[in-house]
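Novice: here is my input, please return the structure:
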Amino acid sequence: MSAQIPGDAKTFKPRVKQLGNVNLVNLSIPLRTPSENGFFVHREAPEKRLFGFALGMRMQDPYAYLEVLGVPDAEAAEVFDKLRAILPWAALRLNFGILAGEGELRVEDGPTFDGQFPTVYPAHLTPRPIRVAANHQTQEADTLLFSALLEGAEIQALSGPQARPELRLACELFAAVDFEASYNAQFLALISILEIMAKPALRPEPCVAIVKDAMARMTREANRTDDVALRHALLDMHKGALHWKAESIRSSIRRAAVQASRVLGDADPDAAGKAAVRLYDERSRVVHEGRTASMKEARAARQLVREVLAIAAGRHGHIREQFPTS
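Specialist: Model prediction:
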């Protein structure tokens, strides 16, 4: 019998019935590291405690399970959330990637459980995690994969003398998005792809003329002043004003979304442009305000990126349906 603890620790209720009469549980968190890095257990190292609980490491080659031992079951979700928040800092200090198993914290009342997921189990048991690994989506290699590779070989913008470096880089980033550990990381990577593909157009000539006049005045004032700080500020403004001659990245992304929607035959391309702007604005809130991107926003950004890249490559047929093999 198994269940899941909600992500919000405040809504977690003690699962005494599910865990029998045991009030103490151990948290088992599967860790993933790059193939060239990993862990081993130093048997003579003194015990360390985190949040008041003993830490352990269970090795089951090639897997490693970080364990927090003897936690009251009512505190398990809160402890897990705290640990997940600080694990990236350990990756920074050790200088290699460390990812915790994805998904919500699961509850088991026996020693055998799926080792892919963070799990709590009764503290008096010796765990026997197993890996029930499977892809959520599989495709036929000899039809879909091979057909996609053949199509890619025909896209001049990806290889050969007409290759577009920005398109190649954008596709490389998209291929790696699913390996990001969180929706936040996926969302930011996807919006970065849109920024790479953005091609800001020049503003109307009257706007450019105003910018040129402002830049000329900045130069004159910088040359006249004896105030070093003011001179540096004016010269910095002059450099920044170079970008005022073209539309913003935000506007460029809106235009790309409208174009993609129009090419794909949507009834309201302007709505697609507004949706793209909302995604880009959310990116600013994530970066500058510490907001969290939702799964819905990550999925919307993913679909927009796929469509923009497919149209840029000139191969957008069936981009919203199953990829054809003939």
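
Novice: relative to its centre, which residue of this structure is most distant?
Specialist: Most distant residue from the mean C-alpha position of the chain: residue 224, 48.4 Å away (C-alpha atoms, centre = their mean).

Novice: gap between the nearest residue to residue 37 once chain neighbours are set aside and residue 264?
Specialist: Setting aside the residues directly before and after it, residue 37 is nearest to residue 96 in space (C-beta to C-beta, 6 or more residues apart in numbering), at 4.0 Å. Any C-beta I mention is one placed from the backbone N, CA and C, and that applies to glycine too. Applying C-beta to C-beta, to the nearest Å, the value for residue 96 to residue 264 is 42 Å.

Novice: these two: which is more packed in?
Specialist: Neighbours of residue 96 and residue 264, each counted by other C-beta atoms under 10 Å, are more numerous for residue 264; the result is 16 against 12.

Novice: pull the contacting residues for the more buried one.
Specialist: Applying C-beta atoms under 8 Å, 6 or more residues apart in numbering to residue 264 gives the contacts 307, 311, 316, 319, 320.

Novice: surely the second one touches residue 263?
Specialist: Yes: shown here, residue 311 and residue 263 form a contact pair, counting by C-beta atoms under 8 Å, at 5.4 Å.

Novice: who has more neighbours out of these two?
Specialist: Counted by other C-beta under 10 Å, residue 311 and residue 263 do not tie: residue 311 has more neighbours, with 19 against 14.

Novice: in which helix or strand would I find residue 300?
Specialist: helix 295-313 (DSSP states H and E).

Novice: show residues contacting that helix.
Specialist: Contact with helix 295-313 is made by 155, 157-158, 164, 167, 170-171, 174, 177, 183, 186-187, 190-191, 193-194, 197, 256-257, 259-260, 263-264, 272, 275-276, 279, 282, 316, 319-320, as judged by C-beta under 8 Å, 6+ apart.

Novice: buried ones in it, by neighbour count?
Specialist: 297-298, 300-302, 304-313 (16 or more other C-beta atoms under 10 Å).

Novice: and the helices in the stretch 201-326 of the chain?
Specialist: 205-224, 228-241, 249-263, 269-289, 295-313 (DSSP state H, counting those that start in this stretch).

Novice: next one: the stretch 1-150 of the chain
Specialist: According to DSSP H, counting those that start in this stretch, the helices that the stretch 1-150 of the chain contains are 76-94, 146-153.

Novice: which one of the ones you listed has the lowest average pLDDT?
Specialist: When the helices of the stretch 1-150 of the chain are compared on mean pLDDT, helix 146-153 scores lowest, with a mean of 80.

Novice: what residues of it count as buried?
Specialist: So, applying 16+ other C-beta under 10 Å, helix 146-153 has no buried residues.

Novice: which elements pack onto it?
Specialist: The contact analysis (3 or more C-beta pairs under 8 Å, 6 or more residues apart in numbering; DSSP states H and E) places helix 146-153 against no helix or strand.

Novice: ok and that helix relative to helix 295-313, angle-wise?
Specialist: For helix 146-153 against helix 295-313, the angle by axes from the mean of the first three to the mean of the last three C-alpha atoms, to 10 degrees is 50 degrees.

Novice: where do the strands of the stretch 101-250 of the chain begin and end?
Specialist: Assigned by DSSP state E, counting those that start in this stretch, the strands in the stretch 101-250 of the chain fall at 106-108, 112-114, 119-122, 128-130.

Novice: single out the most deeply packed of those strands.
Specialist: Mean neighbour count, computed with mean count of other C-beta atoms under 10 Å, is highest for strand 119-122 among the strands of the stretch 101-250 of the chain, reaching a mean of 26.

Novice: from the contact counts, what lies against that strand?
Specialist: strand 24-32, strand 106-108.

Novice: now it, how far from the chain's geometric center?
Specialist: Counting by C-alpha atoms, centre = their mean, to the nearest Å, strand 119-122 is centred 28 Å from the centre of its parent chain.

Novice: extract the CA atoms of that strand and return them as PDB.
Specialist: Extracted as PDB, the C-alpha positions of strand 119-122 are listed here (Å, rounded to 0.1, in the frame of the first residue of the first chain):
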ATOM      1  CA  THR A 119       9.900   7.800   0.000                       C
ATOM      2  CA  VAL A 120       9.300   7.500   3.700                       C
ATOM      3  CA  TYR A 121       9.200   4.100   5.300                       C
ATOM      4  CA  PRO A 122       9.000   2.900   8.900                       C
END
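
Novice: identify all contacting residues around it.
Specialist: Against strand 119-122 from outside (C-beta under 8 Å, 6+ apart): 5, 19-20, 22, 24-28, 71, 73, 76, 105-111, 113, 127, 129.
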